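Enquirer: Got a predicted structure here, sequence first:
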Amino acid sequence: MGKLNIKPLADRVLVKATKAEEKTASGIIIPDTAKEKPMSGEVLAVGKGRVSDDGKVSPLEVKVGDKVLYGKYSGTEVTFEGEEYLIMRESDIYAIL
């Protein structure tokens, strides 16, 4: 993938979603139309943090390399150099795995 030149702003996080399962545990192939949207991924980049009303910056809890769990419809999907990513606010992330 090389160096990724996307830098999220403020409390936003760039996530690469894990791939949807191609087949069930018993070996049945899942068609694209029936695949569940992934709800986990890896953090690739983070912003500097949330800026409060008084101008103080609170750093994010998540960091590059964290595996995270997020809401099914969280974030905004973006495509950069042929790869798909999600940009979301840290508050859309439910847990670090």
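Expert: Structure received.

Enquirer: Now do the worst-scoring helix or strand of the chain on mean pLDDT: distance to the chain's middle.
Expert: Ranking every helix and strand in the chain by mean pLDDT, DSSP states H and E puts strand 50-51 at the bottom, with a mean of 88. In terms of Cα atoms, centre = their mean, to the nearest Å, the gap separating the centre of strand 50-51 from the centre of its chain is 19 Å.

Enquirer: What strands flank that strand, and is each parallel or antiparallel?
Expert: Looking at strand 50-51 with DSSP bridges, its partner strands are strand 57-58 (antiparallel).

Enquirer: per-residue confidence averaged over the partner strand?
Expert: For strand 57-58, the mean pLDDT works out to 90.

Enquirer: what pLDDT does the most centrally placed residue in the chain get?
Expert: Nearest to the geometric centre of the chain sits residue 15, at 2.5 Å (Cα atoms, centre = their mean). Residue 15 carries a pLDDT value of 96.

Enquirer: Wait, it touches residue 68, no?
Expert: Yes. With contact defined as Cβ atoms under 8 Å, residue 15 counts as touching residue 68 (6.6 Å). For the C-beta atoms, the positions are set from N, CA and C on the backbone; glycine is no exception.

Enquirer: Which neighbours do those two have in common?
Expert: Residues touching both residue 15 and residue 68 by Cβ atoms under 8 Å, 6 or more residues apart in numbering: 41-43.

Enquirer: Save these as a markdown table, and put in secondary structure and pLDDT too.
Expert: Formatted as a markdown table, the shared contacts of residue 15 and residue 68 follow (DSSP: H, G, I helix; E, B strand; the rest coil; pLDDT from 0 to 100):
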| residue | secondary structure | pLDDT |
| --- | --- | --- |
| 41 | strand | 93 |
| 42 | strand | 95 |
| 43 | strand | 96 |
